[in-house]
Structures are given as structure tokens and as C-alpha cells.
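Enquirer: Below is the sequence, then the predicted model.
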Amino acid sequence: MRIAVARESRDTETRVALVPARVGELLALGHRVLVQPGAGAQAGHTDQEYRDAGAVLDEQALSVADLVLAVQPPEPAAIRTMPAGGVLICLAVGQDPDVHAALRDAGVTTHAMEQVPRLSRAQSMDALTSQALVAGYRGAIVAAGLLRRIAGVHMTAAGTVPAANVLVLGAGVAGLEAIATMHRLGARVRAYDVRASTAEEVRSLGADFVDLGLPPLDGAAGYAREMTEERAARQQRLLTPYVAEADVLITTAMVAGRAAPVLVSAAMVELMRPGSVVVDLAADAGGNVEGTVAGSIVRIGNAQVWGGRNVPAQLPGPASDLYARNVVDLAVLLLRNPDDEILVATRVAGVP
Ligand code: NAD
């Protein structure tokens with residue numbers, strides 16, 4: 001099989017689907033690896049590294065490949081150059097009708113990494129988890145960088161610097177990583193989530209769980225359920241004093257298949273003290289904070305509100321390393337058994 005590695009063409013995308021360290025695994029199985037020149041540049045990998053790993057550099061790689069590995073779907077024009085009967089594996093296939101039409105026209109079967117089921121057998125292919133982990137870390141570091149104070153407590157001869165108060169809303173993969181990173185910096189961390197199991201997970205990281213006394217909202221497959229309007233209003237009211245006390249607010253809440261829930265109103269942010277920071281990691285999905293703009297910092301009251309845009313791509317090195325592992329494991333399974341339930345779950349409907 002000829003396996004192509006796409007050079008990403010989308011705005012803000014800096015990751016690469018296959019890093020040089022993983023080329024050998026595909027070669028060892030008897031496949032050829034073709035890489036579009038410059039594919040790894042933004043993630044810190046030169047063309048020479050790919051050559052040294054045994055790949056062939058080829059600008060036309062997509063048009064001769066049996067299997068294309070990408071982070072985001074290639075542009076429709078590039079998809080149309082792919083041979084009929086080819087396969088594309090990528091993340092964030094989304095609903096773009098032009099992309100879907102191009103995949104259909106080209107006769108390209110597509111597997112969406114974001115659809116990998118959360119089975120223990122599929123953990124090494126779980127790109128949502130690997131990328132959420134990178135996003136959570138990045139969110140914490142951005143918050144610490146924007147904050148005009150020291151995160152952790154310091155006792156010095158000149159006096160004590162108190163720890164910053166951090167509030168994390170949403171304690172899934174990204175939230176737990178943000179909690180752990182802020183805790184490592186020495187901050188006093190509190191967190192809230194609607195799923196019952198998260199209290200224990202939050203505490204195991206050394207943070208305090210905020211118990212609002214509201215019923216949990218556990219949904220199917222370990223995901224959260226959507227809030228009713230009444231619940232959302234109540235939750236906002238109960239969270240208000242915690243937001244007002246926070247020097248840093250990091251939000252990560254998502255509900256599968258929906259816009260991100262609005263957890264914090266602009267009026268709540270206006271209660272935060274001068275110098276405080278809000279990092280909204282759900283900004284690409286509409287945001288958890290009223291007024292967030294993905295890709296910008298806006299000021300609301302005294303706070304700087306950072307809206308994350310394609311946050312994993314802001315740390316392209318580790319994000320690509322982890323994603324490449326996810327992709328190679330899925331590709332190897334695909335080549336062994338295309339009817340495996342994991343492949344069936346990831347196959348994009350409406351495309352051959
Ligand atoms: P996610 O990105 O869908 O959502 C992030 C967090 O936001 C979740 O913890 C969710 O409960 C929370 N949230 C949603 N609505 C909220 C609200 N109104 N207020 C506060 N918080 C809210 O979640 P995720 O990080 O993808 O994790 C989802 C689940 O999948 C978790 O149970 C996680 O443990 C599980 N998981 C399983 C595997 C596996 O088995 N392979 C891998 C990763 C994650």
C-alpha cells in the first residue's frame with residue numbers, strides 16, 4: 001500500500017498526522033510512505049527526518065495514495081485528486097458539505113478519528129483524548145502566562161506570596177489536565193462538573209470539588225447530558241461566588257453533538273477582580289463563557305478572556321506525536337480488518 005501523509009492546508013493547523021518516528025512501523029508492514037514536502041515543518045520535523053526514516057517526499061502523494069493520513073480533511077480540490085477506492089483517515093471531518101461532496105465524488109472512504117469509540121481496546125486510537133490532554137495543558141499554561149501574579153504560594157524573607165485561586169469548570173480529559181497542571185504550579189484549584197464520578201477524580205489530583213448540591217447529569221457512554229434552561233440558570237447562580245473569587249477561570253465543558261453549554265454569563269465575569277484571567281477551551285464550540293471569541297482575547301469587566309482556537313495545534317510537537325500514534329494504530333487495524341467495530345464506528349456515513 002502507498003500511504004500518504006498530507007501537508008495540512010487549513011488555517012491554524014500546525015500538526016502533522018505522521019511523525020518521522022512512526023514511519024518505520026508502516027514500512028515494517030511492507031507499505032510505502034509518501035510525504036508531501038513540508039508536511040512536518042510546523043510541528044518541528046524536517047523533510048530530511050522523514051527521508052532518514054525511510055519515507056519518500058512527493059508533492060503529488062495524495063493523488064497516488066491508497067491511504068491518506070491527515071489531521072484535518074484536505075481541501076476539496078485536493079480530495080478530488082485522490083484515486084477512487086482510496087481511504088482517508090483524519091480528524092474533524094465535520095459537516096462541511098463541500099468536503100463531503102468531494103469525498104463522495106472521489107469515491108474515497110473516510111474514517112473520522114473523532115468517532116473512535118471509547119472502548120479500552122481503542123484507547124491508543126482515541127484522538128479526542130490525546131488532543132484534549134494537550135489542550136488542557138496549554139489552557140493552564142496560557143492562564144498562568146496571562147495572570148499578573150504568581151500561581152503558587154511562596155514564603156520568602158520578604159514575605160509570603162499567596163497562591164492564586166483557580167476554578168476549572170468541566171473535569172473531563174482537558175479539565176483534569178488543566179487541574180493537574182495548575183496544581184503543579186502551586187495554585188489553589190477548585191473544580192466543578194455535572195458528572196457524578198468527577199468529584200473523586202478532581203480530589204485525586206489535589207484539588208477541591210465544588211459541590212453545588214445539584215443532581216448529576218450523567219448521559220450515555222460517560223458523557224454529560226445537556227442542561228435544561230432552568231438548571232443552567234440555577235447552576236450559574238450557585239457558581240457566581242466561586243467565579244467572583246477566582247483569579248483564573250478555565251472552562252472546558254462540552255456536551256457531545258451540541259454547542260458548548262454557557263456556564264458563565266458576562267455579568268459573572270464582571271465580578272472578577274482586576275488582573276484576573278478567563279481561558280475558555282470550549283470557544284471553538286461556541287464557548288462556555290458569554291462573550292468569548294475563539295482566537296482572541298477580549299476584556300470583560302476586569303478580566304482578560306482568552307478564547308481558544310484549535311488549541312491542540314498550539315502545541316504541535318506533542319499533539320502530533322500523540323495523534324500519530326492514534327492514527328497509526330487505527331490504520332494498522334484498518335489494514336488488518338476493515339470490518340472491525342472500531343472501523344465501522346469511524347466510517348463517515350454518506351461517503352462510500
Ligand atoms: P467532553 O469533552 O465531552 O466534556 C468535557 C467535560 O465537560 C465533561 O467532563 C462533562 O461532564 C463536562 N460538562 C458538560 N456539561 C457541563 C456543565 N453543564 N457543567 C459543568 N461541566 C459540564 O468530555 P471528555 O473529556 O471527552 O470526557 C467524557 C467522558 O469520556 C468522561 O467520562 C471520560 O472519563 C470518558 N473517557 C473515556 C475514555 C475511554 O474509555 N477510552 C477516554 C477518554 C474519556
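Expert: Nice, thanks for sending it over. Numbering: from 1, shown residues only.

Enquirer: the strands in the stretch 1-150 of the chain, which residues?
Expert: All strands of the stretch 1-150 of the chain, identified by DSSP state E, counting those that start in this stretch, fall at 2-5, 32-35, 56-57, 67-69, 87-90, 109-112.

Enquirer: could those strands go into JSON lines alongside mean pLDDT, distance to Leu214 and mean neighbour count?
Expert: In short, each C-beta sits where N, CA and C put it, glycine included. Output for the strands of the stretch 1-150 of the chain, formatted as JSON lines (pLDDT from 0 to 100; distance: least, CB to CB, whole Å; neighbours: other CB atoms under 10 Å):
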{"stretch": "strand 2-5", "mean pLDDT": "98", "distance to Leu214": "47", "mean neighbour count": "26"}
{"stretch": "strand 32-35", "mean pLDDT": "98", "distance to Leu214": "51", "mean neighbour count": "24"}
{"stretch": "strand 56-57", "mean pLDDT": "98", "distance to Leu214": "56", "mean neighbour count": "14"}
{"stretch": "strand 67-69", "mean pLDDT": "98", "distance to Leu214": "43", "mean neighbour count": "26"}
{"stretch": "strand 87-90", "mean pLDDT": "97", "distance to Leu214": "38", "mean neighbour count": "25"}
{"stretch": "strand 109-112", "mean pLDDT": "96", "distance to Leu214": "34", "mean neighbour count": "22"}
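
Enquirer: Let me see the confidence value for Val351.
Expert: Note on Val351: pLDDT of 68.

Enquirer: Now do the contacts for the nearest residue to Arg32 once chain neighbours are set aside.
Expert: Of all residues not flanking Arg32 in the chain, Arg2 sits nearest, at 5.0 Å (CB to CB, 6 or more residues apart in numbering). With contact set as CB atoms under 8 Å, 6 or more residues apart in numbering, Arg2 has these partners: His31, Arg32, Leu34, Ala61, Val64, Ala65, Asp66, Leu67.

Enquirer: measure Arg2 to Ala164 for me?
Expert: Applying CB to CB, to the nearest Å, the value for Arg2 to Ala164 is 52 Å.

Enquirer: Tell me, how many residues neighbour Leu281?
Expert: For Leu281, the neighbour count with other CB atoms under 10 Å is 32.

Enquirer: Does it touch Trp306 like I think?
Expert: No. Checked against CB atoms under 8 Å, the pair Leu281 and Trp306 is beyond contact range at 9.2 Å.

Enquirer: hang on, the earlier thing: make a markdown table out of the contacts of Arg2 and add distance to the ligand.
Expert: Below are these laid out as a markdown table (distance: CB to the nearest ligand atom, whole Å):
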| residue | distance to the ligand |
| --- | --- |
| His31 | 27 |
| Arg32 | 32 |
| Leu34 | 31 |
| Ala61 | 31 |
| Val64 | 35 |
| Ala65 | 29 |
| Asp66 | 29 |
| Leu67 | 24 |
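
Enquirer: Would you pull up the residue in the chain closest to the ligand?
Expert: Here the residue of the chain nearest the ligand is Gly172; by CB to the nearest ligand atom that distance is 2.3 Å.

Enquirer: Spell out the residue ranges of the helices in the stretch 251-352 of the chain.
Expert: 266-269, 316-336, 341-346 (DSSP state H, counting those that start in this stretch).

Enquirer: thinking again about what came up before, what's the overlap in contacts for Leu281 and Trp306?
Expert: Here Leu281 and Trp306 have no joint contacts, going by CB under 8 Å, 6+ apart.

Enquirer: The closest residue to Arg188 other than its chain neighbours: what's it in contact with?
Expert: Sequence neighbours aside, Ala163 is the residue nearest to Arg188 in space, at 4.6 Å (criterion: CB to CB, 6+ apart). For Ala163, the contact set (CB under 8 Å, 6+ apart) comprises Ala151, Gly152, Val153, Gly186, Ala187, Arg188.
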